[in-house]
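Prediction below, plus the sequence it came from.
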Amino acid sequence: MGIKTAKLTVKTGNIVASHVIKNEQEDLIVISKKGQVIRTKLKSIAILGRATQGVRVMKMNQEDKVVSIACI
């Protein structure tokens, strides 16, 4: 048994990482394989239900991938 986290499709891809957030005042930093970095406030990211496809945080080329995330 488990809990459904997200609706995964070819379009969305796999879940790369997850964090339990205690403070919405934190920022999220995402780094891609090709060196693209984005920093965004966590409170600016919409909260969705479990059976959704998620929220796009960073646009990347098809051959690029997320390699690291951090909450600061």
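That came in fine, so what should we check first? Residues are numbered from 1 along each chain as shown.

OK, contacts around the residue most central in space within the chain?
The chain has residue 57 as the residue nearest its centroid, 6.1 Å off, counting by C-alpha atoms, centre = their mean. Shown in contact with residue 57 (C-beta atoms under 8 Å, 6 or more residues apart in numbering): 28, 30, 38, 40, 45. (Glycine included, C-beta is placed from N, CA and C.)

how does it look with 6 Å?
Contacts of residue 57 were listed using C-beta atoms under 6 Å, 6 or more residues apart in numbering, and they are residue 30.

Residue 6 now?
residue 54.

What is the neighbour count of residue 48?
11 (other C-beta atoms under 10 Å).

Please apply the same query to residue 21.
14.

on contacts alone, who are the packing partners of the worst-scoring helix or strand of the chain on mean pLDDT?
In the chain, no helix or strand scores lower on mean pLDDT, DSSP states H and E than strand 66-71, which sits at a mean of 89. Under the contact criterion of 3 or more C-beta pairs under 6 Å, 6 or more residues apart in numbering; DSSP states H and E, strand 66-71 touches strand 27-32.
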